[in-house]
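Asker: need a structure here:
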Amino acid sequence: MSFIESFVAAFKGVSPRVPLARGAASPWFFAEHGGGQGYGGRTPFEYTQAVRRAYLENPVAQRAVRLVAEGIGGAPLRPTDVRLTALVSETSAGQSLLETLASHLLLHGNAYVQVMKDARGRPVELFALRPDRVSVVAGEDGWPEAYGYDVAGKRMAIPLLDQDASPNVIHIRHFHPADDHYGAGCLCAADEAIATHNAASVWNRQLLENAARPSGALVYETPDGAALTSEQFDRLKAELGAAYSGSANAGRPMLLEGGLSWQAMAMTPADMDFATLKAAAARDIALAFGVPPMLLGLPGDATYNNYREANRALWRHTLLPLAAKIFAAIGEGLGPWFPEGQLTIDLDQVPALAEDRERLWAQVNAADFLDPAEKRALLGLEPEHKP
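Answerer: Residues are numbered from 1 along each chain as shown. Here you go, the predicted structure:
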């Protein structure tokens, strides 16, 4: 922009920003239609309970999240500013920054990085805040001006910008089509599949505790059609519960008297085919988190010929895009201190992408119409420094 254009722009002022809708304090508890029941009778999504069901109780969801998060956390970085690399790589309160941010984005859809500074206002530590404790404090126009952090009944306000206009918090979020401030995580889409998978596991366990046999009915038949008295019914019910229920009593013979007979209830093979139900739910969970089912040990996936292709697909379609989002947000937030710093993954050091990189190197090397400088640029290498 020329001097005259800058002078005119200073008097014209900046174009006003459109107003945004101010979000609620908790981005992950919303009751849909029907007073707590959503479409199709679905209960409202609540993050704390959902993450417990998924990450702490479901092996497929936990493995999918860890596979993505640990892949990004352990990815080799290209050489850049040493101080920037140290900020991103060092642990804070025992947490790995990149791995934690990737997990928050997958589960919650939002990740918050607190930039802690020294007395001179330079960043010395990056800490990932728990997203379920963070809420956006919006101004009159709805745009964020601070972040609230709630824990143990206390609320801490963190200004969006410091006195020198440098950021205090870096907000990274996935796209949410119906929210101006908060992103949508993969867990929200996978919640029903996780509930189905957990329910199938509970059913199978209960069936095993009953010697893999369904329950039955105790039939009382007498020639005169008389019924049991209340005292007889309560005594019989108590004896059945104490002596014949539970895995320890499975298969125990039953002693019947006085016209009592046991009628077993049959179950068809289709009713017992919960393995297929669990596999379908597990595949939906893997789909929501962007992990090829083959890498989670799920059978019946013929999309990939081998684990090598599945691993390459994981990197190309999930790890690299998510890492690029995280690195771009961190680079933009730390731009005032590291204007030349750029965080990227060194693709040449990723074993899963070795074949792709080898093919690219061969193609660039065979391009005789390119000079060495252009070839280095295509490969993402730094310009050659001549003495």
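
Asker: What are the boundaries of the strands in the stretch 151-300 of the chain?
Answerer: Along the stretch 151-300 of the chain, the segments classed as strands by DSSP state E, counting those that start in this stretch run 154-159, 169-173, 216-220, 260-264.

Asker: Report the angle between the second one and strand 154-159.
Answerer: The reference is to strand 169-173. 90 degrees (axes from the mean of the first three to the mean of the last three C-alpha atoms, to 10 degrees).

Asker: what about strand 169-173, average pLDDT?
Answerer: Here strand 169-173 scores 95 as its mean pLDDT.

Asker: What pairs with it, parallel or antiparallel?
Answerer: Using DSSP bridges, the strands paired with strand 169-173 are strand 110-117 (antiparallel).

Asker: For Pro351, give its distance to Leu296.
Answerer: 19 Å (C-beta to C-beta, to the nearest Å). C-betas here are computed from N, CA, C, even on glycine.

Asker: who's more crowded, these two?
Answerer: Leu296 (20 against 9; other C-beta atoms under 10 Å).

Asker: Pretty sure the more buried one sits against Ala64.
Answerer: Yes - contact criterion C-beta atoms under 8 Å: Leu296 and Ala64 qualify, at 6.3 Å.

Asker: intersection of neighbour lists for these two?
Answerer: Ala286 (C-beta atoms under 8 Å, 6 or more residues apart in numbering).

Asker: gap between Thr276 and Ser103?
Answerer: Per C-beta to C-beta, Thr276 is found 30 Å from Ser103.

Asker: Domain ranges for this protein, per the record?
Answerer: The chain breaks down by automatic domain parsing into domains covering 19-209+268-345, 215-265.

Asker: start to end distance for stretch 126-142?
Answerer: Stretch 126-142 stretches 27 Å from its first residue to its last (C-alpha to C-alpha, to the nearest Å).

Asker: Quick check: pLDDT value at Ala250.
Answerer: At Ala250, pLDDT is 49.

Asker: Apologies, that question was intended for Pro293.
Answerer: As summarised for this prediction, Pro293 has a pLDDT of 89.

Asker: and it, how many residues sit next to it?
Answerer: The number of residues packed near Pro293 is 22, by other C-beta under 10 Å.

Asker: and what of Ile194?
Answerer: Neighbour count of Ile194, defined by other C-beta under 10 Å: 23.

Asker: so how far is Trp203 from it?
Answerer: 15 Å.

Asker: do Arg359 as well
Answerer: In terms of C-beta to C-beta, Arg359 sits 48 Å off from Trp203.

Asker: If you count surrounding residues, which of these two has more?
Answerer: Applying other C-beta under 10 Å to Arg359 and Trp203 shows that Trp203 carries more neighbours, namely 14 against 10.

Asker: which residues in this protein form helices?
Answerer: In the chain, helices defined by DSSP state H lie at 3-12, 47-51, 59-73, 82-89, 97-107, 186-209, 230-243, 274-289, 307-314, 320-333, 354-366, 372-378, listed in chain order.

Asker: most packed of the domains of the chain?
Answerer: Counting by mean count of other C-beta atoms under 10 Å, domain 19-209+268-345 has the highest mean neighbour count of the domains of the chain, with a mean of 17.

Asker: Kindly check the end-to-end length of it for me.
Answerer: Chord length of domain 19-209+268-345, first to last residue, is 37 Å (C-alpha to C-alpha).

Asker: Could you give the separation of it from the chain centroid?
Answerer: How far domain 19-209+268-345 lies from its chain's middle: 4 Å, per C-alpha atoms, centre = their mean, to the nearest Å.

Asker: on that earlier part again, dump the helices of the chain into CSV; add distance to Asp150 and mean pLDDT as well.
Answerer: Listed next are these as CSV, based on distance: least, C-beta to C-beta, whole Å; pLDDT from 0 to 100:
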stretch, distance to Asp150, mean pLDDT
helix 3-12, 41, 50
helix 47-51, 13, 90
helix 59-73, 24, 95
helix 82-89, 26, 92
helix 97-107, 16, 95
helix 186-209, 20, 84
helix 230-243, 45, 67
helix 274-289, 27, 86
helix 307-314, 35, 88
helix 320-333, 22, 95
helix 354-366, 45, 79
helix 372-378, 48, 78
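
Asker: now for these, which one comes closest to Gly139?
Answerer: Ranking the helices of the chain by proximity to Gly139 (C-beta to C-beta) places helix 320-333 first, at 19.5 Å.

Asker: Return the list of helices and strands in contact with the closest one.
Answerer: Judged by 3 or more C-beta pairs under 8 Å, 6 or more residues apart in numbering; DSSP states H and E, the packing partners of helix 320-333 are helix 59-73, helix 97-107, strand 110-117, strand 169-173.

Asker: May I have it exported as PDB, CA atoms only?
Answerer: Extracted C-alpha coordinates of helix 320-333, given in PDB (Å, rounded to 0.1, in the frame of the first residue of the first chain):
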ATOM      1  CA  LEU A 320      -1.300 -33.900   8.400                       C
ATOM      2  CA  PRO A 321      -4.400 -31.800   8.100                       C
ATOM      3  CA  LEU A 322      -4.900 -31.700  11.800                       C
ATOM      4  CA  ALA A 323      -1.200 -30.900  12.400                       C
ATOM      5  CA  ALA A 324      -1.400 -28.100   9.800                       C
ATOM      6  CA  LYS A 325      -4.400 -26.600  11.700                       C
ATOM      7  CA  ILE A 326      -2.600 -26.700  15.000                       C
ATOM      8  CA  PHE A 327       0.700 -25.400  13.700                       C
ATOM      9  CA  ALA A 328      -1.000 -22.600  11.800                       C
ATOM     10  CA  ALA A 329      -2.800 -21.400  14.900                       C
ATOM     11  CA  ILE A 330       0.200 -21.600  17.100                       C
ATOM     12  CA  GLY A 331       2.400 -19.800  14.500                       C
ATOM     13  CA  GLU A 332      -0.200 -17.000  14.100                       C
ATOM     14  CA  GLY A 333      -0.500 -16.600  17.900                       C
END
